[in-house]
Every structure is written in structure tokens, then in C-alpha cells.
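# Need a 3D model of the following:
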Amino acid sequence: MQNRRDFIRNAAGATAGLLMSGDRLLGVRAAQVGAKPGKRREVSIAGRRVKTVDVHAHCFVPEVWEVVRNTPLAEQAKGNLTGTIALGNPQRLIDMDAQGIDYQAINVNAWGYDADKALARDLVALQNERISQYCAKQPDRFVGMATLALQFPELAAEQLEHAVKKLGMRGAAIGGSVEGVELSDRKFDPFWAKAQELGVVLFMHPQPAQGTTQNPRLQGKGGLGNTIGNPLETTVFLSHLIFEGTLDRFPGLRICAAHAGGYLASYSGRSDALCGRAGGNGDDCRALKKKPSEYFRRELLVDTMIFHEDGVR
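Model (predicted):
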């Protein structure tokens, strides 16, 4: 079972950004994506060199094109076959050096949950193999997070076990729901059980979902489906895991939620207040083993992609 110290030591930590003193977050404000080759930036706190770990580090495996080109997944893949996100692009390391990132726990932003079983099996197998191979070439800079076919929970459990035990991966990346079904649904218990058994970290990143990122009220200016909808999807995901008892059934889970945990981490007091009421919705808390905010002490981790220092604090 991993504790937080193990988590960071094994380079699957929840530090997606670099916190600097003064009025600067995420380091210097100079361009860090598409940077020119240069000396690797080192980060120190109080004069002590610290290792920085980026768990919010997406990649895409270009070779999957041959698997999905004649399937409904082709459109989703097209825009990710080239550029910095493409696995193997040397610019990734250059940008990491400029940003002062020592390790990346690279992961594919979960997709393909609408694939049939045969396609899902082939897609996941290829992605995990390529990520594992890439990380093995540079183990001092990268660790891999598996992809999974969560629409088939038993298969996802098998894929996770194979990725960890055979491919040396450190955990997996998952979405916040699967084709409209909450991951707190009991059908996903076999997957949660396997993740707990293996003692690995799951990195959750929001995907397009009805009611949050695809809420009709978020249309218009501001890209609200992303700026508001993505953190909202994370908030809903975490809240269901708490109130539906998933985290109580599997107390060994370690889930790192993107975008600083959405809105829940900074506003969990409202959920605690609900549980302090008698009757009505307060009854939803009777079966919980602790207050909603207390799940952030052990089961729930968050990255630091919150953009302002106050948010990090």
C-alpha cells in the first residue's frame, strides 16, 4: 500500500506544477512550451533541491491510427497524431527542462469508452505497450500510466494488472464517467477492487459528459464547457465516490483528481455541512465512515493545476 511519500518517491506524484515564492506560480512566465534546447532548470525550496513531478502530463500514441482509422474513433484520434502530445516527440523533454520538471507520469487522456470490446482490447494493449517502451528508454525522466477500457470493468481490471505487473506502469488514467454512467455504480466494483489490491494511483481527468462539460447553459463565450465544465465534472465524480460509498468500500484507493480536484477540494465544507443536518439530504451521510472533507486526507489527492497561488494554498 502506497502512502503519499511513496507516491512522490515513485514519480507518480500529484505535483502538476511548480510553486515558486513571490508572485509567480508555475515558474517564470517566459514561454515554456516549444522552448529552445537549453540547460535543465532545477528547483529548490529553502536552498534544498527538490524533485518536481508532473502527473498531469498527457500524451498520445500515433500508432493507434492503424487500429482506429476505419472505426468511429478515427475522428477523435486525428487531431492528436502529431505535435508535442505525440509520444516520442523530442520537444517534450526540452519543454520539461525549461519548466523545471524532473519526472512526468505520462498518460493518455482517457478516450474510446464507446469502443466495442474487441477494439477496446486492441487499442488499450497498443497504447500501454508503447507508453511502457517509451518510459523504459528514459526511466530517469518518465513513468507510465496505463489506459483502460472502463466500459468493461472486468476487462479494465485485467488490463490494469497486466500494465502494472508486466509492463512496469505505475497506475492508470481514467475519465470521470463512462458513457453517462457514474464510476460509483456498483458495476465498477471489480475495477476498484483491483486498483486497491495493486496499491496504485489512478489519475482522473474529465472527459466530455452530459450535464457538466456538455451542459447547454455553458454555451457562448468563455469556453465555459472547458473552463467551468471540466472542474465541474471532476467535482461530480469525486462527490459520487464519497456519497455513494465507493471510497468506504475500497479505503485503499488512491485517486489523484485533475485541476486541483475541481471545486470540491476548496469547498468541501459545504458537503460537511450537509452531513451535519438532521433529516432530508443530511440522511445521505449516515452510512459514511467520515466527513466528506476527510477523504482528502488519504484516499483523494489533487494536482496543482489551479493557476493561482491562493488556489494552491
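
# C-alpha from now on. contacts and neighbour counts both.
Fine.

# give me the element the residue most central in space within the chain is part of.
Centroid check for the chain by Cα atoms, centre = their mean gives Phe203 as the closest residue, at 2.8 Å. Here Phe203, judged by DSSP states H and E, is contained in strand 201-204.

# For that strand, give me every contacting residue.
Outside strand 201-204, the residues that touch it by Cα atoms under 8 Å, 6 or more residues apart in numbering are 7, 12, 55, 170-176, 195, 234, 253-258.

# Any chance of a PyMOL selection covering the buried ones in these?
Buried members of the contacts of strand 201-204, defined by 16 or more other Cα atoms under 10 Å, are picked up in PyMOL with:
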select buried, resi 7+12+55+170+171+172+173+174+175+176+195+234+253+254+255+256+257+258
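
# just to revisit the earlier point, who does the residue nearest to the centre of the chain form a beta bridge with?
Taking DSSP bridges as the rule, Phe203 bridges to Ala173, Cys256.

# got it, and Gln104?
Under DSSP bridges, the beta-bridge partners of Gln104 are Asp54, Phe142.

# OK, contacts around it?
Here Gln104 is in contact with Ala11, Ala12, Val53, Asp54, Val55, His56, Ala57, Arg141, Phe142, Val143 (criterion: Cα under 8 Å, 6+ apart).

# which two in the residues you listed are spaced the farthest apart?
Using Cα to Cα, the contacts of Gln104 span at most 14.3 Å, a distance reached by His56 and Arg141.

# Name the helix or strand of the protein that has the lowest mean pLDDT.
Every helix and strand of the chain was ranked by mean pLDDT, DSSP states H and E. The lowest is helix 4-9, at a mean of 46.

# Arg277: what's it in contact with?
Here Arg277 is in contact with Asp283 (criterion: Cα under 8 Å, 6+ apart).

# how about it, secondary structure?
Using DSSP: H, G, I helix; E, B strand; the rest coil, the structure places Arg277 in coil.

# How much space separates it from Glu294?
Look at Arg277 and Glu294: by Cα to Cα, to the nearest Å, they are 17 Å apart.

# Tell me which residues touch Pro37, please.
Ile94.

# what do you get for Trp192?
Residues in contact with Trp192 (Cα under 8 Å, 6+ apart) are Ala157, Phe250, Leu253.

# confidence score at it?
In this model, Trp192 is scored at 98, pLDDT.

# Also Gln127?
98.

# Looks to me like it is in a strand.
No. Remark: Gln127 does not belong to a strand; assigned using three-state DSSP, it is helix.

# May I see the buried residues of stretch 237-257?
In stretch 237-257, counting by 16+ other Cα under 10 Å, buried: 237-248, 250, 252-257.

# Quick check: mean pLDDT of that stretch?
For stretch 237-257, the mean per-residue pLDDT is 97.

# Any chance you could list what contacts it?
Taking Cα under 8 Å, 6+ apart as the rule, stretch 237-257 contacts 1, 14, 176-177, 182-184, 192-193, 195-197, 199-205, 234, 261, 264, 284-285, 287-289, 292, 295, 298-303.

# Output the helix or strand harbouring Leu232 as CSV, nothing but the C-alphas.
Taking DSSP H and E as the criterion, the element that holds Leu232 is helix 229-243. C-alpha atoms of helix 229-243 as CSV (Å, rounded to 0.1, in the frame of the first residue of the first chain):
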residue,chain,number,x,y,z
GLY,A,229,-17.4,22.2,-17.1
ASN,A,230,-14.1,20.3,-16.7
PRO,A,231,-13.7,21.2,-13.0
LEU,A,232,-17.4,20.5,-12.5
GLU,A,233,-17.1,17.0,-14.0
THR,A,234,-14.3,16.3,-11.5
THR,A,235,-16.4,17.7,-8.7
VAL,A,236,-19.3,15.5,-9.6
PHE,A,237,-17.1,12.4,-10.0
LEU,A,238,-15.5,12.8,-6.6
SER,A,239,-18.8,13.6,-4.8
HIS,A,240,-20.4,10.4,-6.1
LEU,A,241,-17.4,8.3,-5.0
ILE,A,242,-17.9,9.8,-1.5
PHE,A,243,-21.7,9.8,-1.1
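
# Can you verify my assumption that Ala77 contacts Val67?
No. Taking contacts as Cα atoms under 8 Å, Ala77 lies outside contact range of Val67: 10.3 Å.
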